[in-house]
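Student: Next input, structure requested:
(one chain, ligands or ions: 1)
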Amino acid sequence: MADKTYPWKIAWITGASGAICGEVARRLADAGVQVAATARHSERLDALAASSPNIKSFPADVQDIDGLKACAAQVTAELGPIDLALLGAGIYVPFDIRNIDAGGFGETMALNVDGVLNGVGAVLPAMLERGEGHLAIMGSLFGYAGWPGNGGYGASKAAVINLAESLKLELWGTGVDLTLINPGFVDTPLNASYDPEKKLFVISKERCARKILAKLPKRPYEIAFPPQVEIFLKTVRNLPRAVSFPLVRWFIKATGA
Ligand SMILES: NC(=O)c1ccc[n+]([C@@H]2O[C@H](COP(=O)([O-])OP(=O)(O)OC[C@H]3O[C@@H](n4cnc5c(N)ncnc54)[C@H](OP(=O)(O)O)[C@@H]3O)[C@@H](O)[C@H]2O)c1
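Tutor: Numbers count the residues shown, from 1 in each chain. Next up, the predicted model:
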């Protein structure tokens, strides 16, 4: 039976077979929210669905716009109107200036940006028609500032942050809310290729999910953590570049990040 921990009845989650969104899916399901779990078909997605009677799998590729629309329509037909859409499918591809990987860059943009946009397009018309709904988009604090090794991922998350700002302004007064979720480093397979020495202030997927769900029901514009990384990167973003570039270079030298 649904408890009253969360204000949503039906949550659609993309990237649900992954570390962060899988953890959020399990916590929502435990509290009685009906979770529609989307990722490409995999044993991980099946295992998630098998873990709770409140989780049902709806496999789809977020890069297939028509398939994703059909997926959202199927969720609505089987479970009911989508109250919360958490758009979390994403990848990190390393960026090496001596060996530019245009394919990896394109893949990153296609999944992290187009995949989010496709998700928005799949649910927003129905939410606007109902005059209610909640979009939650996974960004990253690294979308606020350029960082060595992050050329593709950072660019994709900067695009997501800008997209979220535009959407938020346009959604004003429609009854549909938007939350941008910007974590720092979370210990997940996504960043397994990243040098562990350079991951500062890493948190676990469990802590990440707890932090997201502690604030998401209040429908804020942004949920960002940990505070050390948030303050540093937002300060860097707002400083004149003549100050921010030396500051980042100094920080990297001092911390080994
Ligand atoms: N980990 C971090 O440090 C961190 C920090 C800030 C923000 N984030 C963001 O948080 C989100 C989740 O990250 P995570 O670390 O939990 O990643 P993860 O464990 O690697 O999960 C990624 C998810 O995306 C899904 N996915 C990948 N390609 C897909 C496609 N074409 N269609 C549908 N689903 C697809 C994956 O499933 P399949 O591959 O099976 O389809 C998986 O469910 C991402 O947007 C990430 O950028 C992560």
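
Student: CA only for contacts and neighbour counts going forward, please
Tutor: Fine.

Student: Can you pull the residues of the stretch 101-250 of the chain lying near the ligand?
Tutor: 138-140, 182-191 (CA under 6 Å from any ligand atom).

Student: Strands - which of these land there?
Tutor: By the criterion of DSSP state E, membership of those in strands covers Met138, Asn182, Pro183.

Student: For the helix or strand Trp12 falls within, which strands pair with it and how are they oriented?
Tutor: For Trp12, the host element (DSSP states H and E) is strand 10-14. Partners of strand 10-14 in the sheet, by DSSP bridges, are strand 34-38 (parallel), strand 84-87 (parallel).

Student: what about the shortest one, average pLDDT?
Tutor: Per-region confidence: strand 84-87 scores 98 on mean pLDDT.

Student: and it, is it in reach of the ligand?
Tutor: No: under the criterion of CA under 6 Å from any ligand atom, strand 84-87 makes no contact with the ligand; the nearest approach is 7.5 Å.

Student: Now tell me what touches that strand from outside.
Tutor: Here strand 84-87 makes contact (CA atoms under 8 Å, 6 or more residues apart in numbering) with 8, 10-15, 116, 119, 123, 133-138.

Student: And the helices in the stretch 51-200 of the chain, which stretches?
Tutor: In the stretch 51-200 of the chain, the helices defined using DSSP state H, counting those that start in this stretch lie at 65-79, 102-109, 115-130, 151-171.

Student: Serialize those to a markdown table and add fields for mean neighbour count and mean pLDDT.
Tutor: Output for those, formatted as a markdown table (neighbours: other CA atoms under 10 Å; pLDDT from 0 to 100):
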| stretch | mean neighbour count | mean pLDDT |
| --- | --- | --- |
| helix 65-79 | 18 | 98 |
| helix 102-109 | 17 | 98 |
| helix 115-130 | 19 | 98 |
| helix 151-171 | 19 | 98 |
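
Student: will you turn these into CSV that also has distance to Ala37?
Tutor: As requested, the helices of the stretch 51-200 of the chain are exported to CSV (distance: least, CA to CA, whole Å):
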stretch, distance to Ala37
helix 65-79, 9
helix 102-109, 21
helix 115-130, 13
helix 151-171, 22
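
Student: For beta bridges, what are the partners of the spatially most central residue of the chain?
Tutor: Centroid check for the chain by CA atoms, centre = their mean gives Met138 as the closest residue, at 1.7 Å. Beta-bridge pairing for Met138 (DSSP bridges): Ile181.

Student: Just the pLDDT at it, thanks.
Tutor: pLDDT at Met138 comes out at 98.

Student: Show me the shaky parts of this structure.
Tutor: Applying pLDDT under 70 to the chain picks out residues 1-3.

Student: switch to 90 and redo it
Tutor: Low-confidence segments of the chain, defined by pLDDT under 90: 1-4, 195-199, 256-257.

Student: ok so, going back, want to throw the strands paired with strand 10-14 into JSON lines with mean neighbour count?
Tutor: Formatted as JSON lines, the strands paired with strand 10-14 follow (neighbours: other CA atoms under 10 Å):
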{"stretch": "strand 34-38", "mean neighbour count": "28"}
{"stretch": "strand 84-87", "mean neighbour count": "27"}
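
Student: Quick one: distance of stretch 53-62 to the chain centre.
Tutor: For stretch 53-62, the separation from the chain centroid amounts to 17 Å (computed by CA atoms, centre = their mean, to the nearest Å).

Student: ok, and for it, which residues are buried?
Tutor: Of the residues in stretch 53-62, Asn54, Ile55, Lys56, Ser57, Phe58, Pro59, Ala60, Asp61, Val62 count as buried by neighbour count, 16 or more other CA atoms under 10 Å.

Student: Could you list which of those also contact the ligand?
Tutor: Among those, the ligand is touched by Ala60, Asp61, Val62 when using CA under 6 Å from any ligand atom.

Student: so what's the last one up against?
Tutor: Residues counted as contacts of Val62 (CA under 8 Å, 6+ apart) are Thr14, Ala39, Leu68, Ala89, Leu111, Gly115, Val116, Asn118, Gly119.
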